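**Q** build me a structure from this.
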Amino acid sequence: MNDLSHVRQGAFAPGNRADVADALMVESGLRIEVDRRRGRGAGINTSGRFEPVTRSTEDDGWNSLEDLPPFKTEVQVEKPRTIIARNDSPDIPFDRSVNPYRGCEHGCIYCFARPTHAYMGLSAGLDFEARLFAKPDAAKLLERELAKPGYKVKPIAIGTNTDPYQPIEKEWRIMRQILEVLKAADHPVMIVTKSAMVLRDIDILAPMAEKGLARVGLSVTTLDRKLARLMEPRASTPEKRLDAIRKLSEAGIPTSVLMAPVIPALNDHEIERVLDSAKAAGATEASYVLLRLPLEVSPLFRDWLLQHYPDRYRHVMSLVRSMRDGKDYDADFTKRMKGAGPYAWQIGRRFDLAAKRLELNTNRRALNCDIFVPPLGTGVQLSLL
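**A** Okay, the predicted model is just below:
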């Protein structure tokens with residue numbers, strides 16, 4: 001789809017360099033053919049930002065592009081030395097996390113984790129969705145790190161970067177192995193996912209929840225199935241996510257709803273509906289994050305917006321920049337999650353009022369960090385004392 005009629009009709013703000021770049025990107029043919037990326041979120045696959053050259057596909061006049069294969073999911077094994085990642089970000093409510101996978105097959109176009117694929121020499125676009133890395137030793141590494149002398153217990157967050165229940169988890173089952181280690185050690189865990197596959201592990205999560213060790217958050221971005229399929233092509237449908245909230249809650253597992261991201265003029269009108277539906281399903285907590293467009297995510301999202309909602313392009317990006325000090329993104333810790341300005345304030349106020357009306361976030365309980373027992377399993381070095 002390289003039709004630039006919407007450009008001529010005023011979809012772009014005059015003089016905006018990002019808008020002009022979008023027009024040139026579409027016109028130059030950088031967008032991958034639909035048949036090659038069917039079922040994927042990104043429309044482009046530009047080289048990573050650390051690469052010395054930029055590559056793009058061009059037809060040589062002999063219809064050569066028709067011979068290129070579609071993007072298929074490929075999984076490579078990654079062998080990290082450690083598995084617990086630490087952070088000291090003041091706007092994040094946890095200081096440690098575990099990522100079973102690198103890259104995510106869900107293909108959410110807005111995913112802020114996309115730029116991390118550049119560290120592997122790959123694109124944040126289609127490569128992020130199709131060229132994945134699995135960490136099969138994650139459970140063993142976690143067991144070893146939890147057993148280290150002096151380890152101080154705090155909840156481990158999983159799903160904060162890429163989804164631990166993305167489709168390849170069905171085969172690799174790395175997340176389940178991690179939960180088995182945490183359950184055996186009575187270690188608290190917080191999970192965020194867009195997948196109903198989390199229901200598979202209720203047999204582990206329910207006993208942990210009884211001890212105050214587990215909490216699950218389902219990300220519900222929209223209730224519109226068409227929008228969800230375009231934005232999050234391989235994630236569970238909104239109905240299945242709400243059903244997962246219901247079944248987790250019925251199993252006694254504290255469950256929350258995360259509306260992330262809130263995108264102005266695209267899904268922000270659904271704030272109240274999403275919270276109403278999640279509350280009816282059994283959620284007890286709710287939170288949101290404003291759309292974040294760091295590094296390569298910005299051109300990916302803008303290309304997606306041009307492809308699927310060209311009539312809204314100018315309005316959406318204008319509102320985004322109004323909440324980001326005139327930029328596509330502001331990494332300031334005090335602003336990156338919620339934005340700034342009148343429109344950002346309005347979104348926050350609406351969310352808070354809806355949550356208060358539904359009595360969400362009224363009885364938050366900290367996870368139990370007092371019953372942890374260090375592992376003594378295979379691969380754990382015993383003390384010499």
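**Q** all strands for the stretch 101-250 of the chain, in order.
**A** Assigned by DSSP state E, counting those that start in this stretch, the stretch 101-250 of the chain shows strands spanning 101-102, 131-134, 156-158, 189-193, 214-219.
**Q** in this protein, which strand is the longest?
**A** Looking across the chain with DSSP state E, the single longest strand is strand 255-262.
**Q** I'd say Tyr151 and Val373 touch.
**A** No - contact criterion CB atoms under 8 Å: Tyr151 and Val373 do not qualify, at 11.4 Å. From N, CA and C alone the C-beta is placed, and that goes for glycine too.
**Q** out of the two, which sits in the busier spot?
**A** Higher neighbour count among Tyr151 and Val373: Tyr151, with 14 against 10, using other CB atoms under 10 Å.
**Q** what sits against the more buried one?
**A** Counting by CB atoms under 8 Å, 6 or more residues apart in numbering, Tyr151 touches Glu145, Pro374.
**Q** name the residues of stretch 267-286 that come out as buried.
**A** By neighbour count on 16 or more other CB atoms under 10 Å, the buried set for stretch 267-286 is 267-268, 270-271, 274-275, 277-279, 281-286.
**Q** beyond the helix or strand hosting Ala278, next helix or strand please.
**A** Here Ala278 sits within helix 271-281, counting by DSSP states H and E. Downstream of helix 271-281, the first helix or strand assigned by DSSP H and E is strand 285-290.
**Q** could you say what helices and strands that following strand packs with?
**A** Here strand 285-290 touches strand 255-262, helix 271-281, helix 342-357, going by 3 or more CB pairs under 8 Å, 6 or more residues apart in numbering; DSSP states H and E.
**Q** so Gln307 lies in a strand, does it not?
**A** No - under DSSP: H, G, I helix; E, B strand; the rest coil, Gln307 sits outside any strand and is assigned helix.
**Q** count the neighbours of it for me.
**A** By other CB under 10 Å, 17 other residues sit near Gln307.
**Q** ok, it touching Val34?
**A** No - assessed by CB under 8 Å, Gln307 is found out of contact with Val34, at 9.4 Å.
**Q** so where is this protein shaky, pLDDT-wise?
**A** Residue ranges of the chain with pLDDT under 70: 1-29, 59, 62-66, 377-385.
**Q** please, where are all the helices along it?
**A** Along the chain, counting by DSSP state H, helices occupy 5-6, 17-27, 126-130, 138-146, 169-172, 174-184, 202-210, 225-231, 238-250, 271-281, 297-308, 313-322, 342-357.
**Q** what lies in contact with the longest one?
**A** Contacts to helix 342-357, defined as CB under 8 Å, 6+ apart, come from residues 259, 262, 264, 268, 271-272, 275-276, 286, 288, 290, 319, 322-323, 338-339, 361.
**Q** which residues does the residue nearest to Leu242 when sequence neighbours are not counted contact?
**A** Closest residue to Leu242 apart from its sequence neighbours, by CB to CB, 6 or more residues apart in numbering: Ala281 at 4.7 Å. Each residue near Ala281 by CB under 8 Å, 6+ apart is listed here: Leu242, Asp243, Ile245, Arg246, Ser249.
**Q** again, but for Pro167
**A** Listed by CB under 8 Å, 6+ apart, the contact set of Pro167 reads Thr73, Glu105, His106, Arg234.
**Q** what does it show for phi and psi?
**A** phi -50, psi -40 (degrees, to the nearest 10).
**Q** spit out the contact partners of Leu300.
**A** Neighbour list for Leu300: Ala42, Gly43, Ile44, Ile109, Arg114, Ala124, Gly125 [criterion: CB under 8 Å, 6+ apart].
**Q** can you report phi and psi for the fourth one?
**A** Just to be clear, that refers to Ile109. phi -70, psi -30.
**Q** and the end-to-end length of stretch 251-264?
**A** Distance across stretch 251-264, first residue to last, is 35 Å (CA to CA, to the nearest Å).
**Q** neighbours around Ile371, how many?
**A** Number of residues near Ile371 (other CB under 10 Å) recorded here: 13.
**Q** centroid-nearest residue for this structure?
**A** Nearest to the geometric centre of the chain sits Cys111, at 4.9 Å (CA atoms, centre = their mean).
**Q** could the helices and strands packed on strand 285-290 be laid out in a markdown table, adding distance to Ser56?
**A** A markdown table is the format used below for these (distance: least, CB to CB, whole Å):
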| stretch | distance to Ser56 |
| --- | --- |
| strand 255-262 | 28 |
| helix 271-281 | 38 |
| helix 342-357 | 36 |
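**Q** for Ala147, which of those is the nearest?
**A** Nearest to Ala147, of all the helices and strands packed on strand 285-290, is strand 255-262, at 30.2 Å by CB to CB.
**Q** residues in contact with that closest one?
**A** With contact meaning CB under 8 Å, 6+ apart, strand 255-262 is reached by 110, 192, 215-221, 245, 248-249, 268, 271, 274-275, 278, 282-292, 347, 351.
**Q** can you tell me the closest non-neighbouring residue to Pro90?
**A** Distances taken as CB to CB, 6+ apart place Phe333 nearest to Pro90, at 5.2 Å, with adjacent residues excluded.
**Q** thank you, goodbye.
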